[in-house]
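Chemist: Give me coordinates for this.
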Amino acid sequence: MKPFSELQAQHLTADVLHHEIGSRGYVLIRNLLPRTELNKLLGEVSQILSRSGWLTSGRDPIERIANAKAACGDPDPAFKSTYREVFNLESFHALPHHPQLKAVMKLIVGDRVLVHPKPIGRLIFPNSERLRVHAHQDYRFMNGDPECFTVWIPLHDCPGEMGPLQILEGSHHFGFQAHIDENLHVPEIPAGAEMGDEWVGGDINAGDVLIFHSLTVHAAAPNFSDRMRISLDCRFQDCARVVNPANLAFAGESGKSWEEIYKTWTSPNLKYYWKSLPLNFQPSRAEIETLSHTAASPSMRSRYSRILAQIA
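Modeler: Predicted structure coming up:
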């Protein structure tokens, strides 16, 4: 596999970033975020995993030594319960707003940066092939405007054996690629059907960030270590471009709400920050309101009602 092309944080310009992402579909930036802040969040997440029995007892949770018997993943109920605790952390949501990361994203998308408010935590058990995420494009899940970018941030050093992300270089040039959904929790592009140049990969360490286009094909490598792989995905775009309102709301039937998540947070700047932005929703608020009454099934009408209540 070809090694990642990489840039150092001190050598960044808008022209360089646009060239790398435009030609390759991604950019790997070394040493962008301070390890001290990543370690703080890693400590909070590790404590939650330890309380849930996911880590080996008698070891420091920060080592992330996995309890193989506890291996689980979405949509397992045990996973959902623990994941919810992680997702509710204020520090988990604060990381995508780090000034150094936002400064880089402004160079990529412009000054009108929208940080999508629902980052995704990746809590990956070792040696669990059934839980590995295979080749896909994030646009399959996000919709909205394809000029949206994912930032993958490991909270610890992530050598090859721990399963860092791999990128199919140049795959964003081929547009949206067909995914299969049948009998899969996470839709994926059939193995061998991915269109692009070469797969690239390598070690990604704490402080590094991997940024890629929503149409860039990527996949997780297997985690062959004895430790949990803990990372965070967050998404950014120009707020003037089309936004799928489902990316700002909890459309499912889990009962999650921003009010519940925010109730213990201390920073008012992180709460509902997107509501002050002139977002271009598609479907629009008016269309969502209509769909909440006219969608084909009761479940879809309820889904649109939940979205409408949370973006109003």
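Chemist: Give the helix, strand or coil label for the residue positioned nearest the centre of the chain.
Modeler: Taking C-alpha atoms, centre = their mean, the centroid of the chain lies closest to residue 233, which sits 2.4 Å from it. Per DSSP: H, G, I helix; E, B strand; the rest coil, the local secondary structure of residue 233 is strand.
Chemist: For the top helix by length along the chain, output the C-alpha coordinates as PDB.
Modeler: Counting by DSSP state H, the longest helix found in the chain is helix 35-51. C-alpha atoms of helix 35-51 as PDB (Å, rounded to 0.1, in the frame of the first residue of the first chain):
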ATOM      1  CA  ARG A  35      -1.600  16.300  22.600                       C
ATOM      2  CA  THR A  36      -2.400  17.700  26.100                       C
ATOM      3  CA  GLU A  37      -6.000  18.400  25.000                       C
ATOM      4  CA  LEU A  38      -6.400  15.100  23.200                       C
ATOM      5  CA  ASN A  39      -5.100  13.300  26.300                       C
ATOM      6  CA  LYS A  40      -7.700  15.000  28.400                       C
ATOM      7  CA  LEU A  41     -10.600  13.900  26.200                       C
ATOM      8  CA  LEU A  42      -9.100  10.400  25.900                       C
ATOM      9  CA  GLY A  43      -9.000  10.100  29.700                       C
ATOM     10  CA  GLU A  44     -12.700  11.000  29.900                       C
ATOM     11  CA  VAL A  45     -13.700   8.500  27.200                       C
ATOM     12  CA  SER A  46     -11.500   5.800  28.700                       C
ATOM     13  CA  GLN A  47     -13.100   6.200  32.100                       C
ATOM     14  CA  ILE A  48     -16.500   5.700  30.500                       C
ATOM     15  CA  LEU A  49     -15.300   2.500  28.700                       C
ATOM     16  CA  SER A  50     -13.800   1.200  31.900                       C
ATOM     17  CA  ARG A  51     -17.000   1.700  33.800                       C
END
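Chemist: Ramachandran coordinates for residue 229?
Modeler: Note on residue 229: its backbone torsions stand at phi -100, psi 120 [degrees, to the nearest 10].
Chemist: how far away is it from residue 216?
Modeler: With the distance defined as C-beta to C-beta, to the nearest Å, residue 229 ends up 20 Å from residue 216. Using the backbone N, CA and C atoms, a C-beta is placed for each residue, glycine as well.
Chemist: Next one: residue 232 from residue 108, what distance?
Modeler: 18 Å.
Chemist: For the closest residue in space to the residue nearest to the centre of the chain that isn't next to it in sequence, what are phi and psi?
Modeler: The shortest distance from residue 233 to any non-neighbouring residue, by C-beta to C-beta, 6 or more residues apart in numbering, is to residue 120 (4.2 Å). Dihedral angles of residue 120 (phi, psi; degrees, to the nearest 10) stand at phi -120, psi 130.
Chemist: all helices for the protein, in order.
Modeler: 14-24, 35-51, 77-87, 90-94, 99-109, 139-142, 258-262, 285-294, 298-311.
Chemist: Redo these as CSV? Include mean pLDDT and mean neighbour count.
Modeler: As requested, the helices of the chain are exported to CSV (pLDDT from 0 to 100; neighbours: other C-beta atoms under 10 Å):
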stretch, mean pLDDT, mean neighbour count
helix 14-24, 98, 15
helix 35-51, 98, 17
helix 77-87, 95, 16
helix 90-94, 98, 17
helix 99-109, 98, 17
helix 139-142, 93, 18
helix 258-262, 94, 15
helix 285-294, 95, 14
helix 298-311, 93, 16
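Chemist: between those helices, which gets nearest to residue 251?
Modeler: helix 298-311 (5.1 Å; C-beta to C-beta).
Chemist: For that closest one, give me every contacting residue.
Modeler: Around helix 298-311, the neighbours that count as contacts under C-beta atoms under 8 Å, 6 or more residues apart in numbering are 245-246, 248-253, 257-258, 275, 281, 285, 288-289, 291-295.
Chemist: Having no further points to raise, I will conclude here.
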